[in-house]
Structure formats: C-alpha cells, structure tokens
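> mind folding the following:
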Amino acid sequence: MKRSGAADLVLMGGSIPSWLFDRMTKLSLPVVEAIILDYGHKGLLSRLSDPFWFQSFGAVIGMDWNSSGVTTAVMSALKKVVNPNSRQLGIYICGGKGKDSLQTPNQLIEVGNKTGLDGDYLARCSKLSAKVDNTAVQDGFQIYMHNFIVSREGDWSVIQQGMQPNTSMARRYHWNSGSFSSFVEEPHTAICGENQGEILNLVDKNATITQSGILAIAKENPTKILAEIPHMKLPTHYGVKETDVDLKRLGSILWLAQENQTQKFEDLLLLNGLGPRTLQSLTLVSEVIHGTPSRFKDPARFSFAHGGKGGRPFPVPTKVYDETIETLKLSVEKAKIGESDKLQAIQKLTKLAQRAEKEFEPNGNFEELIEKENRESHLYGGRSIHGFSEPPKNND
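The predicted structure follows:
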C-alpha cells in the first residue's frame, strides 16, 4: 500500500471538543481491530504511511478534511485507545507532540523490554527519522510532532509533522519500514506539504555523491528539487466544495444507502435495522478499512460520514456516529469469537458501492446535498463547536 506524494496542510486553529474526541477514540479502536483482523499489523502500518488514507481516516472521524489538525486528531485518538490494548493488538504507539516527542526513544526501549524487540535499534530509527526530516531535508519546516508506531514483529511506521514559522502551512512526513532500506537514500513513503521549489534534500537517491562529499568536507553545494514527488494538493479553503469530491463515488454510496435499495441485496440483510443515514456513514467507514490506495484520492468524500467539528460540510450527526460505533464494535467483537458474518456484511458495503459506481451517473446538485444534510442535521443529533443543530425555522 506504498504511496509517495505530497499534500498541502492548512493550519486551522481550535481544539477538539470532548464530546467529539470521545467518539473519535471509540470509532478508532474497532477500525484498527478490523484492519488487523483482515490485513494484519503490516496492513495497518502501510495504511498509516499512506498520506491519502491518513487524511481520509481523519475526515471519517469528524475532523476538517484538509486541516493539519488531522495529524494531531488521528494520532491522539489512536494512542489513547491502542496503547491500553497494546498486548492484545500487538501495536505500540510512542511519541507525540512537543515535549512528548522527545520521550519517543525511551518509550521504544520500554517497548523492547516488554516484547523482546531491540529497543535500542528502534530508538535509533526514531532519532534518525527525525534527524533526516529536520536536517537532511532542509525545507524550512521544523519538526514539532513525532510518532513512532511499532508492531510486535518489529515492523514500524513514523508519522511526524513540521511547521514553517512564517506561514500558515504544515508538512507531514510518512515512513514505513516495509518500504525502506536506508536512512540516507529516499526513506520516505511520502512527504506531505506545499511544493516550494528548490530545497536541500540530502537523502535523495541522487545525493550519494553529495553525502560522501560532505563527509569529506567537500566544497560542492548540493541541491535537489523535490518536484519529482507526486503532489497531493489540498485546498486552503474552509469546508468542502464540489471540486473536492468524486461525485460518482459519493453518489453511488448515497444511492446504496437508500432504504429501498438496501433491501435488494441479500448481503446486507444482516444490517437490517440500520437507517439509510447510518448506512451512508458505515459504508464510508467500511471503505476506510477495506479500500485500496486509489480509493483515497478525494479525502473530502469521507467527511460525508460524520461531518466536521466546525460544521463543515455539516455538523457531526452524533446519533448516527454512535450507531456506527456500536455496529462496528459489536461486529468486531463477534468476529473475534468466530462469528464474522456481520463484519463480512460491513466489508461488502464498500464492494457493493464500488460495483454500483461502475454504472452510476451523478445527477444531483452538490449544494442541494449539503443543504439537505444541514436541514436534517437536528434529526441526527447534529452538533458542532457552535452548539447543537436547530430545526429549520420554517419546519412544521
């Protein structure tokens, strides 16, 4: 699931309200468990190292889809629910933001003591990855967040983020041990940030001679343009626009979630009792778990699962969110004891949506869809940082 690329990440202020963060953590755990059940630890780590998947996951749990705050939200939620269950899950998350990031090497040594892994080696990997992104890649961004995720088998991913003091932009760096062989020759699976032209990149594959020259105190001035890295350009506007979303993909999900359509599919009978709006959210969550890399090119689409904390594209439908959590949680728990029918039905949601997508032609108005979600928000317990949604004034 390796993907190399870059994305502009806008700094958007504001903290995550407790009522939303609590739901983020409750949804994150069964998502992680479902991925591990079906794809193993390497499957989880490879997803975390994919910037498109990472941004999509952040959107599906209710963050502003193009904000740099997705990094903090995702890693905070994962750390809170994964670490208390590390022994069962086989996954350990170290580091964090600011001063917490400096504790990563010591935490990795502790993980080594618990698991038998070489903690000193893992700590060295942590230090080198931070050093590469802060020093060897001189792009004007200073690392302020560093997370090191390691499995009981010793595979690992690094997710760290830097900030440029004079701009309102951040840059996120992704690493994956399964896709890398050297700290000094193109170690990243992705560098996510605004393309600013010429930067000093001493870990480019063509910089070997430069590295030797530096070690020999050579006089050459090594520079390399990073424009060769595919760029995921995330817009700086607030909210979701029609151009941000693959309407064919989103439309097929909305079509599938209609109650009269659900009854036509035998595969979905085990999900009877869920309303159309919950099926809409559950289908997007299913795709986060089971989708292939090409399915995450439009992270904004995943904000149509649970909205956004700022009310864009619409307030968080808390009742739907809670029902999605409970459905996925129960399905994962049953799968652990061999009763996987319901979890398989959730997996088939994304397959059915993709099948419908082949012949689906969007014919709706995107703004009307946004308006509908906002108009009906109060029915689903809609809530944002501005408060609870109210019924339309002209509602009878």
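
> now the helices for the stretch 51-200 of the chain?
Counting by DSSP state H, counting those that start in this stretch, the stretch 51-200 of the chain has helices at residues 51-60, 69-82, 86-89, 104-115, 119-131.

> what's the answer for the stretch 201-350 of the chain, then?
208-215, 247-257, 259-262, 276-290, 303-306, 318-336, 341-357.

> closest one to residue 46 among those?
When the helices of the stretch 201-350 of the chain are compared by Cβ to Cβ, helix 276-290 sits nearest residue 46, at 13.3 Å. Quick note: C-beta positions are derived from backbone N, CA and C, even for glycine.

> for that closest one, packing partners?
Counting contacts by 3 or more Cβ pairs under 8 Å, 6 or more residues apart in numbering; DSSP states H and E, helix 276-290 is packed against helix 18-48, helix 51-60, helix 247-257, helix 259-262, helix 303-306, helix 318-336, helix 341-357.

> select, out of those helices, the one closest to residue 96.
Evaluated over the helices and strands packed on helix 276-290, closeness to residue 96 peaks at helix 18-48, with 14.8 Å, by Cβ to Cβ.

> the domain parsing of this protein - what is it?
As assigned by automatic domain parsing, the chain contains the domains 6-232, 242-388.

> can I get those in TSV including mean pLDDT?
Compiled in TSV, those are given as follows (pLDDT from 0 to 100):
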stretch	mean pLDDT
domain 6-232	79
domain 242-388	89
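
> can you put those in TSV and add distance to residue 394 and mean neighbour count?
Formatted as TSV, the domains of the chain follow (distance: least, Cβ to Cβ, whole Å; neighbours: other Cβ atoms under 10 Å):
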stretch	distance to residue 394	mean neighbour count
domain 6-232	28	19
domain 242-388	10	18
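
> could I get the helices of the stretch 201-350 of the chain as TSV with distance to residue 236?
Compiled in TSV, those are given as follows (distance: least, Cβ to Cβ, whole Å):
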stretch	distance to residue 236
helix 208-215	34
helix 247-257	22
helix 259-262	37
helix 276-290	24
helix 303-306	16
helix 318-336	27
helix 341-357	29
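
> go through these and name the closest to residue 169.
Among the helices of the stretch 201-350 of the chain, if distance is taken as Cβ to Cβ, the winner is helix 303-306, at 20.6 Å.

> which residues touch that closest one?
Helix 303-306 is contacted by residues 23, 59-62, 64-65, 240, 245, 250, 253, 280-281, 284-285, 312-313, 316-317, 320-321, 324, 373 when judged by Cβ atoms under 8 Å, 6 or more residues apart in numbering.

> could you rerun that using 6 Å?
59-60, 62, 65, 240, 281, 284, 313, 316, 321 (Cβ atoms under 6 Å, 6 or more residues apart in numbering).

> ok, back up a step: out of the helices of the stretch 51-200 of the chain, nearest to residue 159?
Closest to residue 159 of the helices of the stretch 51-200 of the chain is helix 69-82 (Cβ to Cβ; 6.4 Å).

> give me the distance from the closest one to the chain's centre.
9 Å (Cα atoms, centre = their mean, to the nearest Å).

> list the contacts for residue 90?
41, 151-152.

> distance of it relative to residue 27?
Separation of residue 90 from residue 27 (Cβ to Cβ, to the nearest Å): 20 Å.

> re the thing from before, with distance to residue 160 added, can I get the helices and strands packed on helix 276-290 in a markdown table?
A markdown table is the format used below for the helices and strands packed on helix 276-290 (distance: least, Cβ to Cβ, whole Å):
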| stretch | distance to residue 160 |
| --- | --- |
| helix 18-48 | 12 |
| helix 51-60 | 12 |
| helix 247-257 | 30 |
| helix 259-262 | 42 |
| helix 303-306 | 24 |
| helix 318-336 | 29 |
| helix 341-357 | 30 |
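
> between those, which gets nearest to residue 80?
For those, proximity to residue 80 was assessed by Cβ to Cβ; helix 18-48 is nearest, at 5.1 Å.

> show me what that closest one is packed against.
Where contact means 3 or more Cβ pairs under 6 Å, 6 or more residues apart in numbering; DSSP states H and E, helix 18-48 is packed against helix 69-82, helix 276-290, helix 318-336.

> distance to residue 119 for these - can I get that in JSON lines?
As requested, these are exported to JSON lines (distance: least, Cβ to Cβ, whole Å):
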{"stretch": "helix 69-82", "distance to residue 119": "18"}
{"stretch": "helix 276-290", "distance to residue 119": "31"}
{"stretch": "helix 318-336", "distance to residue 119": "29"}
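
> residue 170 is nearest to which of those?
With Cβ to Cβ as the criterion, residue 170 lies closest to helix 69-82 of the helices and strands packed on helix 18-48, at 7.6 Å.

> the closest one vs helix 18-48, what angle?
Here helix 69-82 runs at an angle of 90 degrees relative to helix 18-48 (axes from the mean of the first three to the mean of the last three Cα atoms, to 10 degrees).

> give me phi/psi at residue 11?
Reported as degrees, to the nearest 10, the phi and psi values for residue 11 are phi -80, psi 120.

> skipping its backbone neighbours, what lies nearest it in space?
residue 168 (4.7 Å; Cβ to Cβ, 6 or more residues apart in numbering).
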